[in-house]
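S.K.: Dropping a prediction and its sequence here:
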Amino acid sequence: MKNRVVSIGSWALGFVLILFANCYAAKSADKILIGATISMSGKYKEPALMMQEAYNYWVQDINARGGLLGKQVELILYDDKSTPETTETLYRQLIEKDNVDLVLSPYSTPLTLKASEVCEPNEKVLLAVAAASKKPWSMGRRYLFQLYAPADRQFVGLLDMMARANYSKLALIYNDVSPFNVDIAAGIKDWSRKFKIEIVYEKSYQNGEEELAKIIEEIREIQPDSIINSAYPPDSYELLRLLDSLNYRPPVLALPIVPAHPDFQKNVGLIADRILGPSQWEPRERIPFPGTKQFIEGFSKFAGHEPSFHATSAYSSCQLLEKAITQTKTLDNKTLRDYIAALDTVTILGRFKVDLSGVQVGHSSVIIQWQNGKKEIVWPRKMRTAEPML
């Protein structure tokens, strides 16, 4: 078994496409080819590299167990550079030139949307590992399935805790370039009304480096008791850098994505303490799903560090594909599509069940908080590893 990891510079793209077309024109009958793009560079790199490690770990594991349908699995990974245009080009390469049997998904809603535009007409099942926005599922896709809890539900637990602790004045900011961030903000606004939390400041932006400094100045004048910033990692890190330089923060500070990373405190220092955020899964004993302990131990040995939920969702998508192939005894994507659409099952990520449009309805997020150098689950109560510090 060989895993092919390819980073393509724009000057060499045409040459590499021709090279791989020649390599895979006559596909070996004794192997199964699976392809995906991973953001090995660009703004999505941090969470996407977790996915890369999980994909590679599953391939090693499945081949050690005899492969799929008695065949060894070979994984082809390309660097999509965190850009939609590159993602679209490379999924065309995977399907039309490399002749892969199956595909895995890239990171983020924007890249998944581009990948699905290629996979759908080619009737390739795409289990969306890291796309929580509703936009990709508003287009009538039949081969696209969501694993995450939708973005507009991810902060429900935090708002519930805030309401119980009498924090009622929220500053909401979000990068509106991505539909993921917009959907998170829409969900926060909706649930804030239900929990009687007043949004005293709301602003969208497009470039954190250029706009966040002024936004923070405006927020400081209002003095809300909480800030939620919905953004991808670069903007979140910029916000924390600015807050740290000003020695300012409200009692409640929450972000998506970055707090769930195992190296979050290492990356930002002491300001990590008490920061909250949603997570799809955590490597903790309170997570009850079958195979969790074995996955944590196996992945940690393979990668040299604990998995984040990004790794777990990537691995669980492989579990779902493996289950579908094993049960149907085929690689026919139409058959696999019908099987997955009807599934109501549990992976290491949690429950998997989708509605008729492929939107996830079975899985729910948890809320985590960094406390004294350790990441704790603080919501829901039945999964708590520590009381929330608000």
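M.R.: Structure received.
S.K.: Could you use CA atoms for every contact and neighbour count after this?
M.R.: Fine.
S.K.: What ranges does the stretch 101-250 of the chain have for its strands?
M.R.: For the stretch 101-250 of the chain, applying DSSP state E, counting those that start in this stretch gives strands covering 102-103, 126-128, 144-146, 169-175, 198-205, 226-230.
S.K.: distance between the shortest one and the chain's centre?
M.R.: Pointing back at strand 102-103 there. In terms of Cα atoms, centre = their mean, to the nearest Å, the gap separating the centre of strand 102-103 from the centre of its chain is 18 Å.
S.K.: Repeat that for the third one.
M.R.: Its chain's C-alpha centre and that of strand 144-146 lie 13 Å apart, by Cα atoms, centre = their mean.
S.K.: domains in the protein, as residue ranges please.
M.R.: Residue ranges for the domains of the chain, per automatic domain parsing: 3-150+289-353, 152-282+366-383.
S.K.: Can you redo the strands of the stretch 101-250 of the chain as TSV, where the extra columns are mean neighbour count?
M.R.: What follows is the strands of the stretch 101-250 of the chain, written out as TSV (neighbours: other Cα atoms under 10 Å):
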stretch	mean neighbour count
strand 102-103	22
strand 126-128	27
strand 144-146	28
strand 169-175	23
strand 198-205	16
strand 226-230	23
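S.K.: could the ones you listed be laid out in TSV, adding mean pLDDT and distance to L240?
M.R.: Below are the strands of the stretch 101-250 of the chain laid out as TSV (pLDDT from 0 to 100; distance: least, Cα to Cα, whole Å):
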stretch	mean pLDDT	distance to L240
strand 102-103	98	36
strand 126-128	98	29
strand 144-146	98	30
strand 169-175	98	13
strand 198-205	98	16
strand 226-230	98	10
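S.K.: Lowest mean pLDDT across the domains of the chain, which one is that?
M.R.: Within the domains of the chain, the least confident segment by mean pLDDT turns out to be domain 3-150+289-353, at a mean of 90.
S.K.: Report the distance from that one to the chain centre.
M.R.: Centroid separation between domain 3-150+289-353 and its chain, computed with Cα atoms, centre = their mean, is 12 Å.
S.K.: now stretch 374-382
M.R.: For stretch 374-382, the distance from its own C-alpha centre to the chain's C-alpha centre is 19 Å (Cα atoms, centre = their mean).
S.K.: which one of the strands of the stretch 101-250 of the chain lies closest to D273?
M.R.: Using Cα to Cα as the criterion, the shortest distance between D273 and those is 14.8 Å, found for strand 226-230.
S.K.: Name every strand pairing with the closest one and say which way it goes.
M.R.: Sheet pairing here is set by DSSP bridges, and for strand 226-230 it gives strand 169-175 (parallel), strand 252-254 (parallel).
S.K.: what about A64, how many residues close to it?
M.R.: Counted with other Cα atoms under 10 Å, the burial measure for A64 works out to 10 neighbours.
S.K.: ok, now the one 10 residues further on?
M.R.: Burial measure for E74: 21 neighbouring residues, criterion other Cα under 10 Å.
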